[in-house]
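1. Here you go, sequence then predicted model.
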Amino acid sequence: MSEDVAPETTRLRLAAQPDDHQVKVTVVGCSGSYPGPDSPASCYLVQATDALRTWSLVLDMGNGALGVLQRYVDPLQVDAVFISHLHADHCVDMTSYYVLRKYHPTGTQPRIPVWGPKGTAKRLAKAYDLPRKPGMREEFSFRVYHKPITIGPFTVEPFEVDHPVPAYGLRVSAFGKVLAYSGDTGPTAALDSIAADADLFLCEASFRSCDDNPPHLHLTGEEAGEVATRAGVKRLVVTHVPPWHDAQTMLAEANKTYDGPTELAAMGAVYEL
C-alpha cells in the first residue's frame with residue numbers, strides 16, 4: 001500500500017467477543033527530546049487481551065526504545081507501530097527494528113503496519129541510508145494517518161496537533177477504555193478532543209511556565225493540567241520531560257491546574273485501564 005493513502009478503517013484481524021479482557025499501558029521510554037540517564041526517548045506499549053490473544057501496539061520508537069521494549073514484549077509479536085511525528089526522539093529506533101525484522105534468524109517476518117505522517121517511509125529509509133525504494137517497505141507496510149484505524153480490539157484515532165513538523169496525538173480505545181496520548185505539541189484545541197473523558201492521559205510537559213518559551217512547540221506542566229481538567233480525564237501522567245529540567249517542577253505545575261491523580265511517567269511503569 002502506498003505510504004500516501006490509508007483506508008478509512010483498516011481491520012487486520014477480527015477478534016472474538018472477549019469473555020475476559022485487559023487493557024494496559026507500559027512506559028518503555030519517556031525522556032523528552034533525547035534519551036536521559038533513566039529512560040530512553042518516547043515509546044509506549046499498549047496491550048489488550050481478548051478471548052483470542054494479546055494484541056500489542058507500540059506508540060513511537062524513540063532513541064534507545066527498542067532495547068527496553070524487549071523487556072515487555074517479543075518485538076516479533078508487535079501488531080502495529082504508530083509514529084506521532086518524524087523527530088528522531090520519536091522514530092529513530094525504527095531503524096534498529098528494521099534490522100531485527102529483516103535479519104532475524106527465524107527467517108522472513110511478515111510485514112507489519114506502521115502508521116505515521118506523510119513521508120514516514122522516506123524519512124526512515126534516509127535515516128538508515130537505504131535507497132528510497134524499497135527502503136523498509138519489505139519489512140513494514142507504511143500507511144498515512146487519515147481516519148480511525150481498527151486493529152483487533154483497538155480503535156486508534158489520530159488528531160493533528162501543533163508542532164514544527166506534521167505531528168499527531170492519538171486516542172486509543174479498547175473494551176470501553178481510553179488512552180489519550182498528546183505526542184509533542186503546543187497548546188491546541190485538538191488536545192481536548194484527544195483527551196475527552198480518557199481513563200489515562202499521557203501528556204507531554206517539556207516547558208516550564210517561568211521561562212520565555214517559543215510558541216507552537218511544547219506544553220508546560222500547567223498547560224498539561226489545564227487540558228486534563230477541561231477534558232475530564234481520570235488520570236494524568238506527565239511525560240516527555242527533557243533531562244535538563246527537574247521533572248518534579250513539571251509535576252508541581254500540573255498539580256496547580258488539575259486536582260485529579262497525577263504522576264510522572266517512568267520507564268517500566270505499567271497502568272491497567
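-> It's in.
2. Of all residues in this protein, which one is nearest the centre?
-> In the chain, the centroid-proximal residue (Cα atoms, centre = their mean) is residue 59; its distance is 2.7 Å.
3. mind checking the SS state of the closest residue to it other than its chain neighbours?
-> The shortest distance from residue 59 to any non-neighbouring residue, by Cβ to Cβ, 6 or more residues apart in numbering, is to residue 44 (4.4 Å). Just so you know, the C-beta spots here come from the backbone N, C-alpha and C atoms, and that holds for glycine as well. What DSSP: H, G, I helix; E, B strand; the rest coil gives for residue 44 is strand.
4. do the same with residue 122
-> Following three-state DSSP, the label given to residue 122 is helix.
5. Just give me the neighbour total for it.
-> 17 (other Cβ atoms under 10 Å).
6. residues near residue 71, how many?
-> Quick note: residue 71 (other Cβ under 10 Å) scores 11 neighbours.
7. And stretch 204-212, what's buried?
-> For stretch 204-212, burial by neighbour count (16 or more other Cβ atoms under 10 Å) applies to 204, 205, 206, 207, 208, 209.
8. just the strands in the stretch 1-150 of the chain please.
-> Ranges of strands in the stretch 1-150 of the chain, per DSSP state E, counting those that start in this stretch, are 22-29, 43-49, 54-59, 80-82, 112-116, 140-144, 149-151.
9. wait, what's in contact with residue 106?
-> Residue 106 makes contacts with residue 76, as judged by Cβ atoms under 8 Å, 6 or more residues apart in numbering.
10. quick one: it and residue 74, what's the gap?
-> Applying Cβ to Cβ, to the nearest Å, the value for residue 106 to residue 74 is 11 Å.
11. And the helices in the stretch 101-250 of the chain?
-> 120-127, 190-195, 221-231, 247-257 (DSSP state H, counting those that start in this stretch).
12. For residue 137, which of the ones you listed is the nearest?
-> The closest approach between residue 137 and any of these, judged by Cβ to Cβ, belongs to helix 120-127 at 6.2 Å.
13. Distance from the chain centre to that closest one, please.
-> 18 Å (Cα atoms, centre = their mean, to the nearest Å).
14. contacts for that helix?
-> 3, 83, 86, 88, 91-92, 94-95, 98, 114, 131-132, 135-137, 140, 142, 144.
15. Pull out the buried residues from that helix.
-> Applying 16+ other Cβ under 10 Å to helix 120-127 flags 120, 121, 122, 123, 124, 125, 127 as buried.
16. So which of the buried residues of stretch 204-212 are in strands?
-> Secondary structure from DSSP state E places residue 204 of the buried residues of stretch 204-212 in strands.
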